[in-house]
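Asker: Build the 3D model from these lines:
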Amino acid sequence: MDPNNPTYISVAGVLLNESQTRLIQYPGAKAGSYTIPNSVTSIVAGAFSSCGSLTSITIPKGVTSIGNGAFNSCTSLTGVYFQGNAPSLGWSVSFGATNTTVYYLPGAAGWGATFGGRPTALWSPQVQTSDNSFGIRTNQFGFNILWANGTVVVVEACTSLADPIWTPVVTNTLTAGMFYFSDAEWTNYPTRFHRLRSP
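Answerer: Take a look at the predicted model:
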């Protein structure tokens, strides 16, 4: 894309209008996950059509409309993560393949049991148990928490699941969609359990 183009701009190979409010075209061969820039308010018709290697996408809360066929033939798409209220959909919007789930945040409006022909589910914070951050290391117990960028997560702890009394340990706003939690008091208890919630 010519940097002097007055109408369009390419950001990491993704075509947007010059003001970066409309996502026009995602590269069909680009693989993996993608997070749409926060400036985007609309996804135009066919923007992700036939992006067969796209596996997950995060859609910012500013997006209010998704055009016709925007995600047609996204055969590897398993998760669509919305950070805001349900946007309006064109008449033929469907998300990915038969194993795609649409996720939304607590408190967001306009969501039902399905969206764009796919089942919906509450997007909850997730403890990463398979990376190197999980467990005991350097005399501390901790783990990474993944969730939507800018969301607030509360970590609570209790000493018995038979009769739990959950106590808040830390409240934190996730930056870049991740937060490392470390329990400084873990050695003071014979057992200690943790859970996550939104405020």
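Asker: Which strands or helices does the lowest-mean-pLDDT helix or strand in the chain pack on?
Answerer: Taking mean pLDDT, DSSP states H and E as the measure, the chain has strand 135-137 as its least confident helix or strand, at a mean of 84. When contacts are defined as 3 or more Cβ pairs under 8 Å, 6 or more residues apart in numbering; DSSP states H and E, strand 135-137 packs onto strand 140-146. For every residue, glycine as well, the C-beta is placed using N, CA and C.
Asker: next structured bit after the strand it packs on?
Answerer: Per DSSP states H and E, the first helix or strand lying C-terminal to strand 140-146 is strand 152-158.
Asker: Give me the mean pLDDT for that following strand.
Answerer: Average pLDDT, strand 152-158: 95.
Asker: residues making contact with the least confident helix or strand of the chain?
Answerer: 141, 142, 143 (Cβ atoms under 8 Å, 6 or more residues apart in numbering).
Asker: tell me which element residue 110 is part of?
Answerer: Per DSSP H and E, there is no helix or strand for residue 110.
Asker: what sits against it?
Answerer: 85, 86.
Asker: And it, what's its pLDDT?
Answerer: The predicted local confidence for residue 110 is 96.
Asker: Ramachandran angles for it?
Answerer: phi 90, psi 10 (degrees, to the nearest 10).
Asker: again, but for residue 173
Answerer: phi -90, psi 130.
Asker: Please report the distance of it from residue 156.
Answerer: Here residue 173 is placed at a distance of 17 Å from residue 156 (Cβ to Cβ, to the nearest Å).
Asker: sorry, back to before: with distance to residue 166 and pLDDT added, can I get the contacts of strand 135-137 in a markdown table?
Answerer: Formatted as a markdown table, the contacts of strand 135-137 follow (distance: Cβ to Cβ, whole Å; pLDDT from 0 to 100):
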| residue | distance to residue 166 | pLDDT |
| --- | --- | --- |
| 141 | 17 | 89 |
| 142 | 18 | 92 |
| 143 | 17 | 93 |
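Asker: between the residues you listed, which is nearest residue 11?
Answerer: Nearest to residue 11 among the contacts of strand 135-137, counting by Cβ to Cβ, is residue 143 at 32.4 Å.
Asker: wait, what's in contact with the nearest residue to the closest one once chain neighbours are set aside?
Answerer: The shortest distance from residue 143 to any non-neighbouring residue, by Cβ to Cβ, 6 or more residues apart in numbering, is to residue 134 (4.5 Å). Residues near residue 134 by Cβ under 8 Å, 6+ apart: 127, 128, 142, 143, 144.
Asker: residues contacting the fourth one?
Answerer: Applying Cβ under 8 Å, 6+ apart to residue 143 gives the contacts 127, 128, 129, 133, 134, 135, 180, 181.
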